[in-house]
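> Turn this into a model:
(2 chains)
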Amino acid sequence: MKNFTKVLIGIGSVLVLWQIVAMLGIFNPIFFASPIEVAQEATIMLQQQDIYNDIFSTFYRVILSVIIAVIIGVPLGIALGYFSRMYQFVGEIIDFLRSIPPIVIYPLLLISLGPGDASRIGTAVFGSIAVLILIISQGLFQQDKTRQVFYKSRGVSTIRLLKEVVWYEALPHTMTALRTATSISLVVIVVTEMLVGGRHGLGARVQQVQITSNIPDLFATIILIGLIGILLNKLLILIEKKYVFWKT
Amino acid sequence: MVTKDKIRIGISQISFSLPLVIARERKLFQKENLHVTFFPDYKEAQSMCKDVVEKKLDVAGMVALPIILEQETKNPGSLQFSNVAIEDKNHPFVFLLTKKDSSIKSVSQLSGKKIGIFPTTAFQLWMEIILQKHKVNPANTSIVQLKPKDHLNALMSGKVDVIFTNDPIATKILDSGEAKKLTNESVLDKYIFEEFHSFPIGGMVFQRDFIRQHPEKAAKIVKVLNSAIKFLKAHPQKAKLICKTHYSEDVQKFIEKISELNYWKDSEIQKEQLQELVDIYYYNKLFERPLNSSLLLFQPDYRIKLVDIKKSRKRVQVLKNFSLELNKAEFVTIFGPNGCGKTTILNIVAGLINPDSGHVSIDNKQVEKSKVGYVYQDYRKTLMPWKKIIDNIGFSLKTRKLSKEIIYKEVKDLCSLLDIKLPLDSYPNQLSGGQQQMTAILAALIEKPEVLLLDEPFSAIDFQTTISLQEKIMDIWQKLGITIIFISHDIDEAIFLANKVCLLSNKPTKVKRIFENKMPYPRTLEDKERKEFTKLKSEIIDIFSKEVNL
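Residues are numbered from 1 along each chain as shown, chains lettered A, B, ... in the order given. This is a model prediction of the structure:
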């Protein structure tokens, strides 16, 4: 509770400071909104159906991207981390792919998959998979090998070893990778929504609000996206605490 | 020489005690310079076996295996067996008999009938197996244990419909002309050998402490019995004459009827089979303990050998012509200068790394993984924090395709056998360091290894817990009769635990010297104050400090 109070005080101080800056008129009020204005705009925003459609659309795209990336990336990451010789063949390729900012793939997918969800999600998946593979396999490389060697020498089959030992050894790294992949997906999805105007999505909303120059609305949307990001992160931490209980 | 120092040997009236009788009559023990006293008046084996457990006898023969197992189960770690008599196809000795005019023609007709059996757990067990094989529910029959002398009468008077008995009673009943065999073959042959080619029925039983204290004498006794068996096979006529001195007339008659006195076989394959039979078959059926028995075959010629091992690491020669030979059931601690390759030696014995040259063998065979248990200094490296304690301990059994229930039962049995209490449903992180290390030790023991390797297992554990773990590991060693190789960096610990302390040299490492610690077990902390202890310690430190130029 004490920590919670500290957090509240922290947020409160920032808000007060922000309000003071707005009131002092340092920035041009055309480009800058005070927290009170933002709060007023947010109240109106939250009373409309639109915003919920936007939140849902973005949320749905991000989650779907992460799920697809996990299904492909986690097994690959574990396999490459365990069979380290295999990694020697593809390691550089993965590192190269990861170095490409995922968003630059979007135009390519836009041509092949069209302007719908497929190209947005495809881009987010591309950005997430490489990160998942890299973090998980690197995590397994650094993992002490004693346990694997030990159980292998006790006659435990590779499949059982992967399922009952390596999977769990990788789990803390998998959770870290998952958090990073989720952040990347959120960024990619919002940007693609901004680039090619879908009807719904928080990115599309930012784009529309910018055109209308409704600054308080823009601020409110940005904060909302931030809150969604933090919410996803907290959710994943909660899951991690439950399933990687031995690390905490 | 006072009687106290003589080896006390019990002899029973059972027919297959014959090798022991021959050894006694032909003074084979004296020829090996063994001083023995015989106790030849045991009418039955049960009380004789109990006397071995209670240390009134050192050795006794022959005792039926179920009886030995029963006593061993009550007192884990007290007995070992050797020179096992084996039933096989050529040597039927158990028969199912009916009256000559009986309407019963086969075992499948025994449902609802009264069956008289020889009064031992083995006969009870065998009878149930035979009935089940014939799809007769043993519960639908009435099985009564009868004294051997009543067998003939019970069958004739109709008190029982069939009698399940062994020689010489069976031969006596058949000789009366009033009975016939229900099957012509040996009952065991037909119904039990389908699964097992040979079947151990009984053998010599040793006090385990006697073997520990006098391994050479125990080895000689096995040798004497083997040569008696050889004599028996070579001179059956002379053997029959000798048996007149010991046995009652009934037993003599039976022995005369056997053309070959050939219960005893001594091949390598059978040694393995024997232990397996005892573990899986007898324990499973009699005591419902499928894997963990603590009864061991005494094998005096068993050795763990490291011969001329060479091993380099990062171009530095760690081991050069390293040789070490250990006996079965020894507790050996390895002590030596820092970085001299102690762990490398354990890794080679465990088969985790291969030597550059030289070889390792256990009982003249290549090292098999299941025969070696390994416990690391840092238990965190092998324990799985995501699994409950019970699953951690039982994990290696999963490779044997056993059901979860059996694995859990195994773990619980092992804990109760060793008198260890752990919160089995907790996770490793919820336990203390000592408890976690004990979990790692149990996980290594669950596969019943012949050799347990421990690499400074208590070095990360607090003083108070270490003391209780040291006592526990000695207790485990005594109860399970396994060989322990224990690396220690603490000279007190090395001497306190072991019956042999192996001092290593600087690199390239060799065995500098092996010290024996003859202090009796169980040892307690006070033993560290004893003169023998301090003398041994200063001796070792003396050589050690010269080695490391202190």
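> is it true that residue B:447 touches residue B:397?
Yes. Residue B:447 lies in contact with residue B:397 (Cβ atoms under 8 Å); the separation is 6.9 Å. C-beta coordinates here come from the backbone N, C-alpha and C atoms, glycine included.
> which residues sit in contact with residue A:156?
A:164, A:165, B:395, B:396, B:398, B:399 (Cβ atoms under 8 Å, 6 or more residues apart in numbering or on different chains).
> want to throw those residues into TSV with neighbour count and pLDDT?
TSV is the format used below for the contacts of residue A:156 (neighbours: other Cβ atoms under 10 Å in any protein chain shown; pLDDT from 0 to 100):
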residue	neighbour count	pLDDT
A:164	17	93
A:165	21	94
B:395	23	92
B:396	22	87
B:398	17	85
B:399	16	83
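> pLDDT score assigned to residue B:188?
pLDDT for residue B:188: 58.
> so what's residue B:24 scoring on pLDDT?
91.
> Can you tell me the element it falls in?
Per DSSP states H and E: residue B:24 is located in helix B:18-25.
> Find the nearest non-adjacent residue to the residue of chain A found nearest chain B, please.
At 3.5 Å from chain B, residue A:246 is the closest residue in chain A, using Cβ to the nearest Cβ. Using Cβ to Cβ, 6 or more residues apart in numbering or on different chains and skipping residues adjacent in sequence, the residue nearest residue A:246 is residue B:385, 3.5 Å away.
> Verify the contact between the one you found and residue A:244 for me.
No. When contacts are counted by Cβ under 8 Å, residue B:385 is not listed as touching residue A:244 (9.5 Å).
> which residues touch residue A:194?
With contact taken as Cβ under 8 Å, 6+ apart, residue A:194 is in contact with A:203, A:204, A:206, A:207.
> Point me to the helix or strand that includes it.
helix A:167-195.
> Do you know the pLDDT at the residue nearest to residue B:408 when sequence neighbours are not counted?
Distances taken as Cβ to Cβ, 6+ apart put residue B:390 closest to residue B:408, at 6.1 Å, once the chain neighbours are dropped. On pLDDT, residue B:390 comes in at 95.
> what about residue B:390, which helix or strand?
helix B:389-394.
> list the helices and strands that helix packs on?
helix B:404-417, helix B:433-445 (3 or more Cβ pairs under 8 Å, 6 or more residues apart in numbering or on different chains; DSSP states H and E).
> Please indicate which of the ones you listed has the most neighbours on average?
Ranked by mean neighbour count, the helices and strands packed on helix B:389-394 are led by helix B:433-445 with a mean of 23 (mean count of other Cβ atoms under 10 Å in any protein chain shown).
> I'd like to check what contacts the helix or strand following that one. Which residues are they?
Next along the chain after helix B:433-445, taking DSSP H and E as the criterion, comes strand B:451-455. The contact list for strand B:451-455, computed with Cβ under 8 Å, 6+ apart, reads B:304, B:342-343, B:346, B:349-350, B:362, B:371-377, B:441, B:444-445, B:473, B:477, B:482-487.
> which of those come close to chain A?
With Cβ under 8 Å from any Cβ of the partner chain as the criterion, these include B:350, B:374, B:376 near chain A.
> now the longest helix along chain A against helix A:167-195, angle please.
Of all the segments of type helix in chain A, defined by DSSP state H, the longest one is helix A:49-82. Put simply, helix A:49-82 runs at 140 degrees to helix A:167-195, going by axes from the mean of the first three to the mean of the last three Cα atoms, to 10 degrees.
> check contacts around residue A:216.
Residues counted as contacts of residue A:216 (Cβ under 8 Å, 6+ apart) are A:33, A:37, A:38, A:40, A:41.
> Sticking with residue B:203, tell me its helix or strand.
Using DSSP H and E, residue B:203 maps to strand B:199-207.
> Paired strands for that strand, with orientation please.
Its sheet considered, strand B:199-207 pairs with strand B:59-64 (antiparallel), strand B:79-87 (antiparallel) by DSSP bridges.
> Extract the CA atoms of it and return them as PDB.
Taking Å, rounded to 0.1, in the frame of the first residue of the first chain, the C-alpha atoms of strand B:199-207 are listed here in PDB:
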ATOM      1  CA  PHE B 199      14.400 -69.300 -10.200                       C
ATOM      2  CA  PRO B 200      16.300 -68.600  -7.000                       C
ATOM      3  CA  ILE B 201      14.900 -70.600  -4.100                       C
ATOM      4  CA  GLY B 202      17.400 -69.900  -1.300                       C
ATOM      5  CA  GLY B 203      20.900 -69.400  -0.300                       C
ATOM      6  CA  MET B 204      23.500 -68.500   2.300                       C
ATOM      7  CA  VAL B 205      22.700 -65.500   4.400                       C
ATOM      8  CA  PHE B 206      25.300 -63.200   5.800                       C
ATOM      9  CA  GLN B 207      25.200 -60.600   8.500                       C
END
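> Much appreciated, bye for now.
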